[in-house]
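Colleague: Below are the sequence and a predicted model; questions follow.
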Amino acid sequence: METPTADRQSTGDPVPFFEEKRVLITAAIVLVADQISKQIIIRTHGDNDFTVVIEGFLRFVNWKNTGAAWSMFEGSSLPLAALSVVALIALIRYRHHFETHTPTGKLALGLLIGGILGNLIDRVAYQHVIDFVRFYIIRSDGSELGYPAFNIADMGICFGVGLLFLLAWREGTSDEEEREETKKDS
């Protein structure tokens, strides 16, 4: 016996957001992993402390980011929190445009929502985002070249956006192949 949700999905009717189990579970996993990892860092590292995980390659740090990615818009934590709320509302409201009828689309949306919520909680609770994963290399002159620190929420956002790009590219490729087939049949 099919559930009402399955009936709506098979007919193409939109499913209410809170019935999107795959999206919600993915978002919850990202959010919980993000917040637990940040609490571990807060409890084990003082401001600007670090732990070398792999010498010359990976450190765990405790950095406060009051801006967006790569510390852009530094000092704008609360406006960025407001922007995050708008982004969440837009993602949920217009989710049907993001191939959420596919498992990959649901995964992408869940990663995005979980990541946005993880950083939003930081912005509201601390007025900054806690970044703790830092890749770096030591140059021959002894100076350090590093990638900006990030967190699990950031990874969720990046992977979610990446999956959406792949889905859009795949859909574009399918549309192009369909046009080619139509031309051949004509």
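Modeller: Sure thing, it's come through.

Colleague: Tell me where this structure has helices.
Modeller: Using DSSP state H, the helices found in the chain span residues 4-11, 21-44, 77-93, 103-126, 152-185.

Colleague: Buried deepest among those, which one?
Modeller: helix 103-126 (a mean of 21; mean count of other C-beta atoms under 10 Å). Backbone N, C-alpha and C define where each C-beta goes, glycine included.

Colleague: from what I can see Asp85 touches Leu120, true?
Modeller: Just to correct that, residue 85 is Val rather than Asp. Yes: taking contacts as C-beta atoms under 8 Å, Val85 lies within contact range of Leu120: 7.0 Å.

Colleague: re earlier: any idea which of the helices of the chain gets closest to Val61?
Modeller: Of all the helices of the chain, helix 21-44 sits nearest to Val61, with 8.0 Å by C-beta to C-beta.

Colleague: For the closest one, which helices and strands make contact with it?
Modeller: The helices and strands touching helix 21-44, judged by 3 or more C-beta pairs under 8 Å, 6 or more residues apart in numbering; DSSP states H and E, are strand 58-65, helix 103-126, strand 129-138, helix 152-185.

Colleague: Of all those, which one is nearest Glu20?
Modeller: It is, among the helices and strands packed on helix 21-44 and with distance given as C-beta to C-beta, helix 103-126, at 6.6 Å.

Colleague: so what's the nearest residue to Gln127 once chain neighbours are set aside up against?
Modeller: Of all residues not flanking Gln127 in the chain, Ser77 sits nearest, at 4.8 Å (C-beta to C-beta, 6 or more residues apart in numbering). By C-beta atoms under 8 Å, 6 or more residues apart in numbering, the contact list for Ser77 reads 66-67, 123, 127-129.

Colleague: I'd like to know which of the residues you listed are buried.
Modeller: Buried residues within the contacts of Ser77, counting neighbours by 16 or more other C-beta atoms under 10 Å: 66, 123, 128-129.

Colleague: so, if you compare these, which one comes nearest to Ile40?
Modeller: Val129 (15.6 Å).

Colleague: okay but that closest one is in contact with Ala149, surely?
Modeller: No: if you go by C-beta under 8 Å, Val129 and Ala149 don't touch, sitting 9.8 Å apart.
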